[in-house]
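[1] need a 3D model of the following:
(one chain, ligands or ions: 1)
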Amino acid sequence: MSDQAAQEVRDGFLFLGGRLWLDFLNSAPATMGELIARPDDLARWAKAAGIDRAGRPAFAKEDVAAAHALRGALGGIYRALSEGAAAPVRAIAEVNRHLAVAPRLRRVESAKGSLQVSESIDSDLFGRVASDFADFIAGFEPHRLRKCGGEECSLVFYDTARNATRRWCSMAACGNRHKVARYRARG
Ligand SMILES: [Zn+2]
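    Predicted coordinates:
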């Protein structure tokens, strides 16, 4: 497995969306099924995503339902964004519900003679995902928000490459499958 592929799969979860909220959306791939089925899955996803949950209560069954609700809302908004349609009002309300309990903490700090602002979000997984989505909305370019070109693949990503020509969720997965299929078709 290449270094890049190793980064894309962490503890069985996919991190190739280029954004936290897209990685969260990719936690139920068409080809793999539901990856967040139990509270423990949610805890593992948070850890794999690098979310520090020290001092937070363990996830419960209700949190899995909440995760699916937030993911469903983000999925609805994703579809609307990629079709240039209006996002569902209920989905927006769902995201806002999590944003409301995700205060953003800023601190001015002096470092090496200049002032800097550091920022953190005092929130658990859902608030972090919702905050990432809010940050994303503030500056995203619609043509970079994309679905993998793999036929059976449902994974989505934000193409951050300068020329925005990324076609696959991952070169190691769908990109290679495509290359192999093309090679076979030629033979
Ligand atoms: Zn794919």
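[2] hey, let's count contacts and neighbours off CA atoms from now on
    OK.
[3] any idea how far Asn176 is from the residue lying closest to Arg44 once chain neighbours are set aside?
    Residue nearest to Arg44 in three dimensions, not counting chain neighbours: Asp11, with 7.4 Å by C-alpha to C-alpha, 6 or more residues apart in numbering. According to C-alpha to C-alpha, to the nearest Å, Asp11 and Asn176 sit 22 Å apart.
[4] thought the residue nearest to Arg44 was touching Leu42?
    No. Taking contacts as C-alpha atoms under 8 Å, Asp11 lies outside contact range of Leu42: 11.6 Å.
[5] which one of those two has more residues nearby?
    Neighbours were counted for Asp11 and for Leu42 using other C-alpha atoms under 10 Å; Leu42 has more, 22 against 13.
[6] quick one: pLDDT of the more buried one?
    You'll see Leu42 listed with a pLDDT of 98.
[7] that one is in what secondary structure piece?
    Using DSSP states H and E, Leu42 maps to helix 39-48.
[8] repeat that for Val64.
    helix 61-83.
[9] close to the ion: what parts of the protein are there?
    Cys148, Gly150, Cys153, Cys169, Cys174 (C-alpha under 5 Å from the ion).
[10] wait, which of those is closest to Leu16?
    Looking at the residues of the chain next to the ion and their distance to Leu16, the nearest is Cys169, at 6.5 Å (C-alpha to C-alpha).
[11] wait, what's in contact with Pro88?
    Gly76, Ile77, Ala80 (C-alpha atoms under 8 Å, 6 or more residues apart in numbering).
[12] try Trp45
    With contacts taken as C-alpha under 8 Å, 6+ apart, Trp45 has the following neighbours: Asp11, Phe13, Ile36.
[13] before we move on, the earlier item: separation between the residue nearest to Arg44 and the ion?
    Asp11 sits at a distance of 18 Å from the ion (criterion: C-alpha to the ion, to the nearest Å).
[14] go on, Arg107?
    In terms of C-alpha to the ion, Arg107 sits 40 Å off from the ion.
[15] go on, Arg106?
    37 Å.
[16] that residue against Asp122, yeah?
    No. Using C-alpha under 8 Å, Arg106 is not in contact with Asp122; the gap is 10.4 Å.
[17] give me the common contacts of those two.
    With C-alpha under 8 Å, 6+ apart, Arg106 and Asp122 have no common neighbours.
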